[in-house]
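Asker: What follows is a predicted protein model with its sequence.
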Amino acid sequence: MFSKIMIANRGEIAVRILRACRDLGVPAVVAFSEADRDTLAVRMADEAICIGPAESRKSYLNQPAVVSAALIAGCDAVHPGYGFLSEDAGFAEVCAAHDLHFIGPRADVLEKFGSKYAVRRMLAANGLPTVPGSTGILSDQRDALDQASAAGYPVLLKPSAGGGGRGMRLVRSPREMETSLPLARSEAQAAFGDDSVYFEKWIEESRHVEVQVLIDQHGNGIHLGERDCSVQRRHQKIIEETPSPAMSDDARERLRDLALRSVLAAGYESAGTLEFLLDGDGNFYFIEINCRIQVEHPITEMLTGIDLIAEQIRLASGEKLQLRQEQVQLRGHAIEFRINAEDPGDNFAPQTGTVEELQLPGGPGVRVDTHLYAGYEVPPYYDSLLAKLIVWGETREIALARSRRALAEFQVAGIKTNLPFHRGIIDNTAFLEGAVSTNLLDRVGPAAFVAGNA
């Protein structure tokens, strides 16, 4: 096990990692930007170190600053959380060169799994069905037009590097391709430093499901079930639940087993998530792998009782998995609601300001992961995630009832949030019946689900 861990992230995930470190008995140092000097993780930390100004590229994305801070603080490992440097093979290599363990896959594994297009081909060779799409990275406008014409519109442009919905564009015609391809490339370059783009056929009424895996450096692996992330806006997840309400038991077992076997055969290690699209006939298609911890990992923890962050740290230290697949028990149903600093009444525009009052929900089966406190000032420099409300119940119906109660209890004053959206969708017929597709909010408009508008 490591002697001291640098937490190179911010917000709720920095708090979450800090708690896991304390449970493991490992000292941790929180790296922070000047804008995050008063954040909860810094307040809770035994040790914290400033790594630069507010702008991400000068702090959380500044590799020399992060590595220097870790070495100065006497750390032997760096936990990147999600986003920022969490899937950067170059950063993992820099860490290794300075005798720092990167808590995630090793650099060569990240390099191997870094191109989403290459990974699709690799895992397809190991038996995973994939969405039909371009035959390679799109070289230019003519290539994109020719391939899309042959495949048939609509198609979804996707960056080969990165994730989180950035750089993705739905294209329904040649005219749209002419305008969308340059924009997708520009967005991919800005977000990931790589403008490589490919496309997949767009499945109009699809669901988004993903399988959580844990794989050690000795070739042992387990899956921890699947999550359904179909409630999305502009390819950004808003609500996740597990197990998926749209899959039969036979289908989910096939998905879980095939996902684990294929990624084991490909040589993956660490915590990871394989993402799939599920069509109206129940067929699933692999789309990408996330080589990091996911925002929505807590619902899997609620079902299994397994601390995914602690397991991720153990795997990075070289320990063997202590669990066998038959020991993993998936019990009940869990739902996560992402609470964002957004105004549902103004097309979900990002918000900043001071949290004047904060009332967090509680009671049986309710968990809140957050970095908020009364008096906290939400900065304008980072993503809008403020908190995650995670609710568990013995059945989906109990989880929904507890969610309704918890959302009513959750109060944030001083800044607008998307809580009214969550309070509205919890009573929406499509959501209650587990019949939400990934494009529903974009097609109908998320305002239709806001409490008082539904």
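Answerer: Structure's in. What do you need?
Asker: Can you show me the strands along the stretch 101-250 of the chain?
Answerer: In the stretch 101-250 of the chain, the segments counted as strands under DSSP state E, counting those that start in this stretch are 101-102, 155-159, 169-171, 197-201, 207-215, 221-233, 236-242.
Asker: nearest to residue 444, of the ones you listed?
Answerer: strand 221-233 (10.8 Å; CB to CB). Bear in mind the C-beta positions are built from the backbone N, C-alpha and C, glycine included.
Asker: relative orientation of that closest one and strand 236-242 in degrees?
Answerer: For strand 221-233 against strand 236-242, the angle by axes from the mean of the first three to the mean of the last three CA atoms, to 10 degrees is 130 degrees.
Asker: And residue 255, which helix or strand is it part of?
Answerer: helix 249-265 (DSSP states H and E).
Asker: Let me know the average pLDDT across that helix.
Answerer: In this model, helix 249-265 has an average pLDDT of 95.
Asker: Sort out which residues of it are buried, please.
Answerer: Across helix 249-265, burial judged by 16 or more other CB atoms under 10 Å covers 251-252, 255-256, 258-260, 262-264.
Asker: Dump the strands of the stretch 101-250 of the chain to TSV, plus distance to residue 127 and mean neighbour count.
Answerer: Formatted as TSV, those follow (distance: least, CB to CB, whole Å; neighbours: other CB atoms under 10 Å):
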stretch	distance to residue 127	mean neighbour count
strand 101-102	29	22
strand 155-159	22	25
strand 169-171	29	20
strand 197-201	19	24
strand 207-215	14	25
strand 221-233	15	24
strand 236-242	24	23
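Asker: Let me have the ones you listed in CSV, extended by distance to residue 51 and mean pLDDT.
Answerer: Output for the strands of the stretch 101-250 of the chain, formatted as CSV (distance: least, CB to CB, whole Å; pLDDT from 0 to 100):
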stretch, distance to residue 51, mean pLDDT
strand 101-102, 16, 98
strand 155-159, 26, 90
strand 169-171, 33, 91
strand 197-201, 32, 88
strand 207-215, 29, 97
strand 221-233, 31, 96
strand 236-242, 27, 96
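Asker: Mind checking these for the one nearest to residue 63?
Answerer: Across the strands of the stretch 101-250 of the chain, closest to residue 63 is strand 101-102 (CB to CB), at 11.4 Å.
Asker: so what strands line up beside the closest one?
Answerer: Strand 101-102 has the following strand partners under DSSP bridges: strand 77-79 (parallel).
Asker: who touches the strand it pairs with?
Answerer: 2, 4-9, 17, 66-67, 70, 95, 100-103, 313, 316-317 (CB atoms under 8 Å, 6 or more residues apart in numbering).
Asker: Averaged pLDDT, it. What do you get?
Answerer: Mean predicted lDDT for strand 77-79 stands at 98.
Asker: buried set for the helix or strand that it is followed by?
Answerer: Following strand 77-79 in sequence order, the next helix or strand is helix 89-97 (DSSP H and E). By neighbour count on 16+ other CB under 10 Å, the buried set for helix 89-97 is 89, 91-92, 94-95.
Asker: Mind picking the one among those residues that's closest to residue 13?
Answerer: residue 91 (16.6 Å).
Asker: For the closest one, which non-adjacent residue is spatially closest?
Answerer: residue 85 (4.5 Å; CB to CB, 6 or more residues apart in numbering).
Asker: check contacts around residue 244.
Answerer: Counted by CB under 8 Å, 6+ apart, residue 244 has contacts 207, 209, 226-228, 252, 278, 434.
Asker: buried residues in the lowest-mean-pLDDT helix or strand in the chain?
Answerer: Sorted by mean pLDDT, DSSP states H and E, the helices and strands of the chain end with helix 440-444, the least confident at a mean of 83. Neighbour-count burial for helix 440-444 flags 440-441 (criterion: 16+ other CB under 10 Å).
Asker: Need the contact partners of it.
Answerer: Under CB under 8 Å, 6+ apart, the answer for helix 440-444 is 230-234, 238, 430, 449.
Asker: In CSV: the buried residues of helix 249-265, plus distance to residue 327.
Answerer: Output for the buried residues of helix 249-265, formatted as CSV (distance: CB to CB, whole Å):
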residue, distance to residue 327
251, 23
252, 19
255, 20
256, 15
258, 21
259, 19
260, 15
262, 22
263, 20
264, 17
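Asker: Dump the strands of the stretch 101-250 of the chain to JSON lines, plus distance to residue 303.
Answerer: Output for the strands of the stretch 101-250 of the chain, formatted as JSON lines (distance: least, CB to CB, whole Å):
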{"stretch": "strand 101-102", "distance to residue 303": "28"}
{"stretch": "strand 155-159", "distance to residue 303": "29"}
{"stretch": "strand 169-171", "distance to residue 303": "32"}
{"stretch": "strand 197-201", "distance to residue 303": "29"}
{"stretch": "strand 207-215", "distance to residue 303": "10"}
{"stretch": "strand 221-233", "distance to residue 303": "6"}
{"stretch": "strand 236-242", "distance to residue 303": "6"}
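Asker: just for the stretch 251-400 of the chain, where's the confidence low?
Answerer: Regions of the stretch 251-400 of the chain meeting the criterion pLDDT under 70 are absent.
Asker: ok, the buried residues of helix 249-265 vs residue 419, which is closest?
Answerer: Closest to residue 419, out of all of the buried residues of helix 249-265 and judged by CB to CB, is residue 252, at 30.8 Å.
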